[in-house]
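Trainee: Coordinates only, no sequence provided:
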Ligand SMILES: Cc1cc2nc3c(=O)[nH]c(=O)nc-3n(C[C@H](O)[C@H](O)[C@H](O)COP(=O)(O)OP(=O)(O)OC[C@H]3O[C@@H](n4cnc5c(N)ncnc54)[C@H](O)[C@@H]3O)c2cc1C
């Protein structure tokens, strides 16, 4: 049984905005690679079951400063796990991908196991397939509170209470509200996505324009091929901010934020028209170390908690769903997620007796990278 405050596939949380990077040569740590390969297998299974394409592998261009940390991390993942790739110096990069304007001090690794997912569709389809397999999803049903009792966890909705021996909590940017005693609390961030029109859509089609991440000279930019044939989504690490309450936050983006974003587009992707045609606001919860937590809650092992995806969680959702199912059934999982254990934080995450209106504690400074 599952409770969703809106309906699967909505775009009011983390998983909106039509596309998500699926990177495999992972700068955030080579230990993610087996998990990402499992995620790819699970996405493919979901596609096979549903008959709906969700994941496109069109390669990923990882652009960074020569000798910088970002490409060093990508390289380590490639070396540890034998990922099919090419290394491009700045001349070759400029020649093969003229859509980008490349500096002399930049180079790239083209990861042939990367691409992109369709997030709203993927969530909606996963929910449909789950229902087809017998799951019951209560849509438009916010969980107001969790109550721990000796023989069960009580899930409180507006209509009634439900009792379960074990539960999974995966409530994204709302996690601080449902688990107000979670320590450390998540740092919820508002992130902006921008779409820029192009008069040359053929240059940005998926077969000639790989997804990209460019981390160099203080910028953290990511982009996707055109999916609508008229615009290209580009995200730049600008204008995102800590959010106290995701339900009351202002979703309108101040026009003043666009000038630096447009400047960066003019500089790095000069064939796009640099005024955004579309803007979207989304949220994610960040942990102190920018790695998610997935596992049994030390304070109450009847609760599996998944959260703090820190701007890079969607790609692995299919594998982490399997991990959560194994954890709830068997108390352990065969998937390689030891590094994501909730107990790794210095102050052990706990769930104190519930007090829904308590403010989140231990908010951290804004992270310096969104890590898509
Ligand atoms: C702008 C942006 C770009 C990103 N780009 C990438 C990317 O390219 N690649 C990548 O891998 N990751 C990316 N991410 C990160 C990724 O999208 C998130 O990490 C991931 O979607 C988080 O999933 P989640 O399930 O924790 O949160 P969500 O997807 O928000 O899901 C949580 C769900 O819980 C429901 N819920 C919450 N509280 C309650 C309640 N009390 N009762 C009932 N239901 C409730 C919500 O309605 C929601 O449906 C990006 C994130 C953002 C914001």
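Mentor: Good, I have the coordinates. Please read these numbers as outputs of a predicted model, since none were measured by experiment. Residues are numbered from 1 along each chain as shown.

Trainee: burial count for the residue of the stretch 51-200 of the chain found nearest the ligand?
Mentor: With CB to the nearest ligand atom as the measure, residue 172 is the residue of the stretch 51-200 of the chain nearest to the ligand, at 2.4 Å. Backbone N, C-alpha and C define where each C-beta goes, glycine included. Burial of residue 172 is recorded as 21 neighbouring residues (other CB atoms under 10 Å).

Trainee: next one: the one 5 residues further on
Mentor: The criterion is other CB under 10 Å. On that basis, residue 177 has 20 neighbouring residues.

Trainee: What of residue 142?
Mentor: Around residue 142 there are 18 other residues, counting by other CB under 10 Å.

Trainee: what do you get for the one 5 residues further on?
Mentor: For residue 147, the neighbour count with other CB under 10 Å is 13.

Trainee: Then residue 248?
Mentor: Residue neighbour count, defined by other CB under 10 Å, stands at 7 for residue 248.

Trainee: That one: which element?
Mentor: Counting by DSSP states H and E, there is no helix or strand that carries residue 248.

Trainee: From residue 193, how far off is it?
Mentor: Computed as CB to CB, to the nearest Å, the residue 248 to residue 193 distance reads 21 Å.

Trainee: Next: residue 35.
Mentor: If you measure residue 35 against residue 193 using CB to CB, the figure is 25 Å.

Trainee: Wait, residue 283 touches residue 243, no?
Mentor: Yes: contact between residue 283 and residue 243 holds when scored by CB atoms under 8 Å: they sit 6.3 Å apart.

Trainee: Need the overlap of contacts for those two.
Mentor: By CB atoms under 8 Å, 6 or more residues apart in numbering, residue 283 and residue 243 have these common neighbours: 173, 188, 189, 190, 249.

Trainee: which residues touch the last one?
Mentor: With contacts defined as CB under 8 Å, 6+ apart, residue 249 is in contact with 190, 243, 283.

Trainee: quick one: pLDDT of it?
Mentor: Looking at residue 249, its pLDDT is 91.

Trainee: ditto for the fourth one
Mentor: The predicted local distance difference test score for residue 190 is 95.

Trainee: tell me which parts of this protein are close to the ligand?
Mentor: Proximity of the chain to the ligand is assessed by CB under 6 Å from any ligand atom, with 3-6, 13-15, 17, 20-21, 142-143, 170-174, 178, 191, 193, 282-284, 307, 309, 311-315, 372 identified as the residues in range.

Trainee: Now name the helix or strand holding residue 303.
Mentor: Assigned by DSSP H and E, residue 303 falls within strand 300-307.

Trainee: Who are the packing partners of the helix or strand just after that strand?
Mentor: Once the chain leaves strand 300-307, the next helix or strand it forms, by DSSP H and E, is helix 317-330. In this structure, helix 317-330 makes packing contacts with helix 33-50, helix 119-132, strand 167-169, strand 293-297, strand 300-307, judged by 3 or more CB pairs under 8 Å, 6 or more residues apart in numbering; DSSP states H and E.

Trainee: hey, which of the ones you listed is tucked in deepest?
Mentor: Sort the helices and strands packed on helix 317-330 by mean neighbour count, taking mean count of other CB atoms under 10 Å, and strand 293-297 sits at the top with a mean of 23.

Trainee: what sits up against that one?
Mentor: With CB under 8 Å, 6+ apart as the contact definition, strand 293-297 has outside contacts at 287, 303-308, 320, 323-324, 327, 331, 337, 340-345, 349-351.
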